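Visitor: coords below, sequence missing:
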Ligand code: ADP
Ligand code: ZN
Ligand code: ZN
């Protein structure tokens, strides 16, 4: 028998199969989906590969498979193949997501018990290391193996490296000496399932609304049918309780459950709710803070059918769980469900496939649903008959009241233009200043939120709130300081910067991009006695996790937490009664068609941080655009009103769900090649895609046009993504890779989270 094997390497040219003979002694064990070692290339070096097909014989003379390492199921292989097409990547990249973390699973290793351990991280960027491997600056196989292993696992301990790569500590030391690796003392979060004893909790009597939601899903579970639901309800409306009871139901009929949550909200508090209901033996947790050893063991527990509930971040959707009775995706609007690196998969799409395969419901939950999800949950109006007909792809389940009857906070909007007109040049309005002062007096805690994102800066008139928007795309133009020009990151439209506001003719045009550090300094100046703690990309490092900063804020009763969007999610601070948003405008002016949606989501969630228990909460939102509908809707906590306005805009401007944004990204060390290849691709696209249905923008440099010496270009296509278009794009990719490409890499992403 002969196996068709895909070689596990990133190179696009290897995205095809190679034939290998299956030796007699392992013939019975080899399946489609087996991970194997095969001799490959000129030296016949043993290389990892995956069996994707088995046949009688080969037309070539073939070598033997050297070793069988692990088996996947047919379904997993089928999914990987589907993903490769859908997300324009290699099958092997997709298969990797489904393999047990850590490659060798013979000797079960001990769990790590120290609270602090030394963890080895890459010191150079992945690109730099890959280049050095390519250029043979790094020659040793063992060194390469270690670097790849650390890259794949985002850090590892020395015992883990020794065990999984079969290399000695001495080689790690050499790599440290040569500047490739560094050792960082990392505090290991205790595995929440170890030594974690929660009091058993019992199910609550559901409210009428909860009961109705529960029954709708229960019916589908009983009928063993696939159906998608949106459980839409404000924070605290009891969504989690509904999830818990649905899972209980699923376990009762002998099936299993997957629960996805955003990485950042996988907090011990959140896990406790599941553990206290179901006990820790039934639950497996998968997230990036577990060591590889722990992840490996959790994976095995699932495979051995010991764990029946998988809770985890995005990649947990690939856990080896069978007989799925329900899939739940909490905070479904969160953009972390879509991977922004290769393979660029969307866990929501994968969940849908798995739910269908298992004839099980998929439940999406959110207080601020994704506009596209909500659109799909609306019954469409049949225009010929002007009748609402029941055609929604997703069934809407609504929870309108808070389950524990706590009230929503009072939200005030402060017009910063007015503050400036009154002579207040500080970052704090009079209202916010007074509120902080009052809160300090009451010994209650405050969160100040600075909504900053990425590298982009925009310009705005401080007198009237005017920002320059692209006439073609209605998206804020980004200021490029080097050329002193404004550029549209979608279509490339450029304009000279303006010094006088075209709306109000004042000269108060300013560049925006304020940081948390500056805000902290200002707070110290204005409130010298207040204690503060800062949380942003600079303070959240490998050493100080996000969790630790928040715990310190809570446990040491620090007066003021200053942070970026990281502070928004999933946390519960009983003593926080004031939340201040320094300038709501930054997210309104991101170069993304989702700017309004992000603003609404962020503000609604931030507002939800204030006064969650018996203390009443207050939120102060400062902005130059007090009339903007996303800000007003967030103030009123009115999702429906926001949705109605936003969906109209999307329709007019042709953004999702009415149209898709397809981004074809190129990166290369070679500037001439990248221009050539992207232009060639453009030609292909113009020839193949129907020009009436697609708007194809010419290739141009990305907003961040060079990273680590690699040039970055892109083509943007606006149009409806379909199976057919997917086929055309895959064909174009295949064709372009047949050109003599030396260095350029190409990626395709549909509605990416990040356009820079
Ligand atoms: P969400 O997930 O929508 O934020 P939760 O499920 O966390 O809401 O519920 C918020 C609070 O209300 C929790 O403290 C929860 O224990 C409580 N709660 C939820 N459902 C009920 C119910 N049916 N009866 C009483 N309390 C409830
Ligand atoms: Zn103006
Ligand atoms: Zn534009």
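Guide: Received, thanks. None of the values given here were measured: they were computed from a predicted structure. Ligands and ions are numbered 1, 2, ... in the order given.
Visitor: Report pLDDT for residue 399.
Guide: pLDDT recorded at residue 399 is 95.
Visitor: Wait, it touches residue 230, no?
Guide: No. Residue 399 lies out of contact with residue 230 (C-beta atoms under 8 Å); the separation is 11.2 Å. C-beta here means a position set from N, CA and C on the backbone, and glycine is covered the same way.
Visitor: Helix or strand for the residue nearest to residue 351 when sequence neighbours are not counted, just tell me which one.
Guide: Nearest residue to residue 351, sequence neighbours excluded (C-beta to C-beta, 6 or more residues apart in numbering): residue 327, at 4.8 Å. Applying DSSP states H and E as the criterion places residue 327 in strand 324-329.
Visitor: if we look at the next helix or strand after that strand, which residues are touching it?
Guide: Going down the chain from strand 324-329, the next helix or strand is helix 347-357, by DSSP H and E. Under the criterion C-beta atoms under 8 Å, 6 or more residues apart in numbering, residues 75, 79, 82-83, 86, 226, 228, 258, 260, 314-315, 317-318, 324, 327, 329, 332, 337-339, 360-362, 364 lie in contact with helix 347-357.
Visitor: try 6 Å
Guide: By C-beta atoms under 6 Å, 6 or more residues apart in numbering, the list of residues contacting helix 347-357 from outside reads 226, 314, 317, 327, 337, 362.
Visitor: residues of that helix that come out buried?
Guide: 347, 348, 349, 350, 351, 352, 353, 354, 355 (16 or more other C-beta atoms under 10 Å).
Visitor: ok, now which ones touch residue 626?
Guide: Residue 626 neighbours (C-beta under 6 Å, 6+ apart): 413, 415.
Visitor: What is the neighbour count of residue 742?
Guide: 10 (other C-beta atoms under 10 Å).
Visitor: Now residue 125. Its backbone dihedrals?
Guide: phi -70, psi 160 (degrees, to the nearest 10).
Visitor: Give me the most central residue, the protein.
Guide: residue 336 (1.5 Å; C-alpha atoms, centre = their mean).
Visitor: Was I right to think it contacts residue 261?
Guide: No. Using C-beta atoms under 6 Å, residue 336 is not in contact with residue 261, being 9.5 Å away.
Visitor: what residues are up against residue 646?
Guide: By C-beta under 6 Å, 6+ apart, the neighbours of residue 646 are 371, 596.
Visitor: switch the cut-off to 10 Å
Guide: By C-beta atoms under 10 Å, 6 or more residues apart in numbering, the residues touching residue 646 are 371, 374, 375, 594, 596, 597, 600, 629, 630, 633, 655.
Visitor: Of these, which is the most crowded?
Guide: Going by other C-beta under 10 Å, residue 600 tops the contacts of residue 646 with 29 neighbours.
Visitor: need the strands for the stretch 501-650 of the chain, in chain order.
Guide: 509-512, 532-535, 560-563, 576-581, 618-623 (DSSP state E, counting those that start in this stretch).
Visitor: Tell me which of the ones you listed sits nearest to ligand 2.
Guide: strand 509-512 (7.3 Å; C-beta to the ion).
Visitor: So residue 579 is in contact with residue 602, correct?
Guide: No. Counting by C-beta atoms under 10 Å, residue 579 does not reach residue 602; the two are 11.5 Å apart.
Visitor: re the thing from before, of all the contacts of helix 347-357, which two lie farthest apart?
Guide: Pairwise distances across the contacts of helix 347-357 (C-beta to C-beta) peak at 21.3 Å, for the pair 226 and 314.
Visitor: The two: which is more packed in?
Guide: residue 314 (25 against 17).
Visitor: Residues of the chain that sit close to ligand 2?
Guide: 461, 463, 464, 466, 501, 503, 504 (C-beta under 5 Å from the ion).
Visitor: how about a cut-off of 6 Å?
Guide: 461, 463, 464, 466, 501, 503, 504, 506 (C-beta under 6 Å from the ion).
Visitor: Which of those lies at the shortest distance from ligand 3?
Guide: Nearest to ligand 3 out of those is residue 466 (C-beta to the ion; 17.5 Å).
Visitor: Please identify every residue contacting each of residue 399 and residue 230.
Guide: Counting by C-beta under 10 Å, 6+ apart, the contacts common to residue 399 and residue 230 are residue 365.
Visitor: SS state for residue 270?
Guide: Following DSSP: H, G, I helix; E, B strand; the rest coil, residue 270 is assigned to helix.
Visitor: From what I see, it and residue 287 are in contact.
Guide: No. Look at residue 270 against residue 287 with C-beta under 10 Å: they stay out of range, at 11.2 Å.
Visitor: Look at the two and report which has more neighbours.
Guide: Between residue 270 and residue 287, counted using other C-beta under 10 Å, the more crowded position is residue 287 (21 against 18).
Visitor: That one contacts residue 310, doesn't it?
Guide: No. The pair residue 287 and residue 310 fails to qualify as a contact (C-beta under 10 Å) at a distance of 11.1 Å.
Visitor: Need the overlap of contacts for these two.
Guide: Counting by C-beta under 10 Å, 6+ apart, the contacts common to residue 287 and residue 310 are 298, 316.
Visitor: Quickly list what residue 667 is bridged to.
Guide: On the basis of DSSP bridges, residue 667 takes part in beta bridges with residue 712, residue 745.
Visitor: Between strand 324-329 and whichever strand or helix holds residue 249, find me the angle.
Guide: Taking DSSP H and E as the definition, residue 249 sits inside helix 239-252. Angle, helix 239-252 to strand 324-329, by axes from the mean of the first three to the mean of the last three C-alpha atoms, to 10 degrees: 170 degrees.
Visitor: Skip ahead from helix 239-252 and say which helix or strand is next.
Guide: Immediately after helix 239-252, counting by DSSP H and E, sits strand 256-260.
Visitor: do that following strand and ligand 1 meet?
Guide: No. Contact of strand 256-260 with ligand 1 (C-beta under 6 Å from any ligand atom) is absent, the minimum separation being 11.9 Å.
Visitor: about what we covered before: can you verify my assumption that the residue nearest to residue 351 contacts residue 365?
Guide: No. If you go by C-beta under 10 Å, residue 327 and residue 365 don't touch, sitting 11.4 Å apart.
Visitor: which neighbours do the two share?
Guide: residue 259.
Visitor: Residue 427 - how many residues pack around it?
Guide: Residues lying near residue 427 (other C-beta under 10 Å) number 22.
Visitor: err, residue 69, not the other one
Guide: 17.
Visitor: quick revisit: overlap of the contact sets of residue 579 and residue 602?
Guide: residue 449.
Visitor: So those two - more neighbours on which side?
Guide: residue 579 (28 against 22).
Visitor: show me what contacts that one?
Guide: For residue 579, the contact set (C-beta under 10 Å, 6+ apart) comprises 409, 411, 435, 445-449, 561, 567, 573, 603, 606-611, 617-621.
Visitor: Can you flag the buried ones in the residues you listed?
Guide: For these, buried by 16+ other C-beta under 10 Å: 409, 411, 435, 445-449, 561, 567, 573, 603, 606-611, 617-621.
Visitor: Of those residues, which belong to helices?
Guide: Counting by DSSP state H, those place 435, 603, 606, 607 in helices.
Visitor: how about those in a markdown table, adding pLDDT and distance to residue 240?
Guide: Shown next, in a markdown table, are those (pLDDT from 0 to 100; distance: C-beta to C-beta, whole Å):
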| residue | pLDDT | distance to residue 240 |
| --- | --- | --- |
| 435 | 95 | 31 |
| 603 | 89 | 22 |
| 606 | 81 | 20 |
| 607 | 78 | 19 |
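Visitor: These: which two are farthest apart?
Guide: Top of the distance list for those (C-beta to C-beta): 435 and 603, 16.7 Å.
Visitor: Stretch 301-316 - what's its average pLDDT?
Guide: Regarding stretch 301-316, the rounded mean pLDDT is 92.
Visitor: correction: stretch 737-747
Guide: pLDDT averaged over stretch 737-747 gives 88.
Visitor: Okay, buried residues for that stretch please.
Guide: So for stretch 737-747, counting by 16+ other C-beta under 10 Å, buried means 741, 744, 745, 746, 747.
Visitor: Grab the nearest non-local neighbour of residue 439.
Guide: Counting by C-beta to C-beta, 6+ apart, residue 439 lies nearest to residue 578, which is 4.6 Å off, once chain neighbours are set aside.
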